[in-house]
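A.B. asks: Requesting a structural model of the entry that follows:
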Amino acid sequence: MRCGRSARRFCFNANAYEASLLRKTLRRNPIMDHNKSMVIAQGTDASTMDPYAHSETTTANILLQVYDGLVRRNPSMDIEPWLAESWEVITDTVIEFRLRPSVTFHNGEKMNASTVKFSLERMVDPHREPKFPPYGRFNSIDHVEIVDDLTVRVVTNRPDPNLLAQLTGLMMIPPQYIAEHGEEHFSRVPNGTGPFKFVSWDKPNGVVELTANNDYWHGSPSVQKLTFRAVPEGSDRVQGLQNGTIHLAANFPPLAREEVEANPELSVVGTPSVGVIYMGINTHHPILKNKKLRQAMAHAINVREIIQKELSGCGSALAGPVYPQAFGVDPTLPPIAYDLERAKQLMAGAGYPDGVDVKLEVPDGRFTQDKEIGLRIGRQLEKIGVRLHVNIQPWPQFISRFRHHEYDQMYYVGWGNSTFDPDEVYRNAYIAPNPWNPTDYHNDDMADMVLEASHILDSERRNELYRMACLIFRDELPWIPLFQQFDLYGLSNKWNWQPRMDEYIYVCDVTAAE
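C.D. replies: Sure, this is the predicted structure:
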């Protein structure tokens, strides 16, 4: 993977990070407050303030500041204790967690074993309809047993090789607060144990205001006032960096890298990502159910051209639906070859020697160069007679169609898999019905393989099952895999921060530059 010199530039000061955990809350004057303010720009706004009712990294990045999980991944992607001080595997279906004492929610409610039981069982409530979008990640959980006020046992209905990894993304929520105010209020006014307290959400303008929780159990944050802004256009995020109104810009447009790096007050930082970009396909559609047509399009898309022309080299072509750093990915399997002659032969074999009209729905600003890449794919597919009608939509409309299974043809989107395991994708995206399978694709053989892999702890057998499942995927192509993202961020040099492979932004890890 290549991404110019920006791939090697990281702004992280380990000594400053450790020191920040020991800081006492100081009396602040207005100038200091201004210097401790941070503005983060993402392509889209939050869709909700309920941490269970969404499936987007952009929403998670806001709520990660307000809420904590039992465990989290550190910047090196190792799982570390968080609200849980420790854990112990009791049996193949029981994990015991010991909780931190004296942690409270922002409204004063205690975080304890009852909190954990309520939080996990709310996510997997079998009677809740519609189910939360991440339900499939956690449906191995049967129930939670309270041992004492600070000890719980999570009991699963099967061995789950990914339970701990999944729990890094599950935030603990306040049962008493929800009981008193209701779920609708909770979806607008969050209340967590995290490093920042909720102040306001200006939804029409896409602005969320937060303030530091200086009683945070992990130490007072360096940032005292935090603002998230939805800025769909990459050029506007770049302009905000240049004029100082934005301090951290996600989904940084790679073509602007040299311009920003010429400014001594700014840096461009980056990392390979768990996010993969793909074209999802409705295999039930009268035209797109034709497997040869799907294969023809896959061979006609020049992914390397997309990476070079639209991403300035920041990306890596995929051989399947999972990035190569994950367990169970066959390193010998190459990406689908760009082969126009083969694509034309497949078009003729599919019964479309004179071409065909199809539609691709693309979000505006959620992913780096998303609409530009969608239009480029359209130009590439013209070469084999596929007339691609690119329908560009605002993110709220696009993700609503995803959740309600309304895609009638094709869609362009990303999948962030922070478990480093194929189970996250295969079991949720290719077995129907499932909230994260918006076109209800299903293959019985693949389903049997991935369900077996999700129920066993034998790593050799799991690896073989995923190798076979990937071969079915490449033949069936319910997705056309495009590229693994290389995430770039524009960063003001007043802050130290290290980008993470899981795409999350933990502002409690941000420190002020000395």
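A.B. asks: and stretch 100-115, how far from the chain's centre?
C.D. replies: Stretch 100-115 has its C-alpha centroid displaced from the chain centroid by 27 Å (Cα atoms, centre = their mean, to the nearest Å).
A.B. asks: Mind listing what's buried along that stretch?
C.D. replies: Of the residues in stretch 100-115, Arg100, Val103, Phe105, His106, Glu109, Met111, Asn112, Ala113, Thr115 count as buried by neighbour count, 16 or more other Cβ atoms under 10 Å. Using the backbone N, CA and C atoms, a C-beta is placed for each residue, glycine as well.
A.B. asks: Let me know the closest of those to Arg257.
C.D. replies: Taking Cβ to Cβ as the measure, Arg257 lies nearest His106 of the buried residues of stretch 100-115, at 38.3 Å.
A.B. asks: Contacts only, for the closest residue to the closest one other than its chain neighbours.
C.D. replies: Excluding the flanking residues, the one nearest His106 by Cβ to Cβ, 6 or more residues apart in numbering is Lys197, at 4.8 Å. By Cβ atoms under 8 Å, 6 or more residues apart in numbering, Lys197 lies in contact with Val66, His106, Leu210, Thr211, Ala212, Asn213.
A.B. asks: do His54 as well
C.D. replies: Ala46, Ser47, Thr48, Ala60, Pro133.
A.B. asks: My read is that the third one contacts Thr59, right?
C.D. replies: If I follow you right, that is Thr48. Yes. With contact defined as Cβ atoms under 8 Å, Thr48 reaches Thr59; the gap is 6.6 Å.
A.B. asks: neighbour count winner among those two?
C.D. replies: Of the pair Thr48 and Thr59, Thr59 is the one with more neighbours under other Cβ atoms under 10 Å, namely 23 against 16.
A.B. asks: nearest residue to the more buried one other than its sequence neighbours?
C.D. replies: Excluding its sequence neighbours, the residue lying closest to Thr59 (Cβ to Cβ, 6+ apart) is Ala46, at 4.4 Å.
A.B. asks: and that neighbour, helix, strand or coil?
C.D. replies: Taking DSSP: H, G, I helix; E, B strand; the rest coil as the rule, one finds Ala46 in the coil state.
A.B. asks: Now do the contacts for it.
C.D. replies: Per Cβ under 8 Å, 6+ apart, neighbours of Ala46: His54, Thr58, Thr59, Ile62, Leu63, Trp201, Val208, Phe228.
A.B. asks: Which neighbours in the sheet does whatever helix or strand Phe483 lives in have, and how are they oriented?
C.D. replies: Here Phe483, judged by DSSP states H and E, is contained in strand 479-492. Strand 479-492 has the following strand partners under DSSP bridges: strand 248-249 (antiparallel), strand 266-281 (antiparallel), strand 315-317 (antiparallel).
A.B. asks: Packing partners of the lengthiest helix in the chain?
C.D. replies: When the chain is parsed with DSSP state H, its longest helix is helix 459-476. The contact analysis (3 or more Cβ pairs under 8 Å, 6 or more residues apart in numbering; DSSP states H and E) places helix 459-476 against helix 291-300, helix 444-454.
A.B. asks: out of the ones you listed, deepest packed?
C.D. replies: Counting by mean count of other Cβ atoms under 10 Å, helix 291-300 has the highest mean neighbour count of these, with a mean of 22.
A.B. asks: Let me see the backbone angles for Lys225.
C.D. replies: Here is the backbone geometry of Lys225 (degrees, to the nearest 10): phi -130, psi 130.
A.B. asks: what sits against the nearest residue to it once chain neighbours are set aside?
C.D. replies: Nearest residue to Lys225, sequence neighbours excluded (Cβ to Cβ, 6+ apart): Ser37, at 4.2 Å. Applying Cβ under 8 Å, 6+ apart, we find Ser37 in contact with Val223, Gln224, Lys225, Leu226, Thr227.
A.B. asks: ok, now Leu83?
C.D. replies: Counting by Cβ under 8 Å, 6+ apart, Leu83 makes contact with Asp68, Gly69, Leu70, Val71, Leu99, Arg100, Val103, Met111, Met172, Thr193.
A.B. asks: what's the answer for Met49, then?
C.D. replies: Ile62, Leu63, Phe186, Ser187, Arg188, Val189, Pro190, Phe198, Trp201.
A.B. asks: If you go by neighbour count, which of those are buried?
C.D. replies: Using 16+ other Cβ under 10 Å as the burial test, those include Ile62, Leu63, Phe186, Ser187, Pro190, Phe198, Trp201 as buried.
A.B. asks: tell me the contacts of the last one?
C.D. replies: With contacts defined as Cβ under 8 Å, 6+ apart, Trp201 is in contact with Ala46, Met49, Arg188, Val207, Val208, Glu209.
A.B. asks: between those residues, which is nearest Ser235?
C.D. replies: Taking Cβ to Cβ as the measure, Ser235 lies nearest Val207 of those, at 19.3 Å.
A.B. asks: Just give me the neighbour total for the spatially closest residue to that closest one that is not a sequence neighbour.
C.D. replies: For Val207, ignoring the flanking residues on the chain, the nearest one in space by Cβ to Cβ, 6+ apart is Arg229 at 5.5 Å. Arg229 has 20 neighbouring residues, counting by other Cβ under 10 Å.
A.B. asks: Is Arg229 bridged to anything, and to what?
C.D. replies: With DSSP bridges as the rule, Arg229 is bridged to Ala41, Val207.
A.B. asks: circling back: what are the buried residues along the longest helix of the chain?
C.D. replies: Within helix 459-476, the residues that count as buried by 16+ other Cβ under 10 Å are Arg462, Leu465, Tyr466, Arg467, Ala469, Cys470, Ile472, Phe473, Arg474, Glu476.
A.B. asks: Could you do stretch 234-248 as well?
C.D. replies: Gly234, Arg237, Val238, Gly240, Leu241, Gln242, Ile246, His247, Leu248.
A.B. asks: so which of those residues comes closest to Ile79?
C.D. replies: Distance to Ile79, by Cβ to Cβ, is smallest for Leu248 among these, at 24.7 Å.
A.B. asks: Please identify which of the buried residues of helix 459-476 is nearest to Tyr278.
C.D. replies: Checking the buried residues of helix 459-476 against Tyr278 by Cβ to Cβ gives Phe473 as the nearest, at 10.8 Å.
A.B. asks: correct me, but Asp421 touches Pro161?
C.D. replies: Yes. With contacts counted by Cβ under 8 Å, Asp421 reaches Pro161, the gap being 7.0 Å.
A.B. asks: helix/strand/coil for Val260?
C.D. replies: helix.
A.B. asks: I'd assumed Gln239 was in contact with it.
C.D. replies: No. Because the distance of 10.3 Å does not satisfy Cβ under 8 Å, Val260 is recorded as not touching Gln239.
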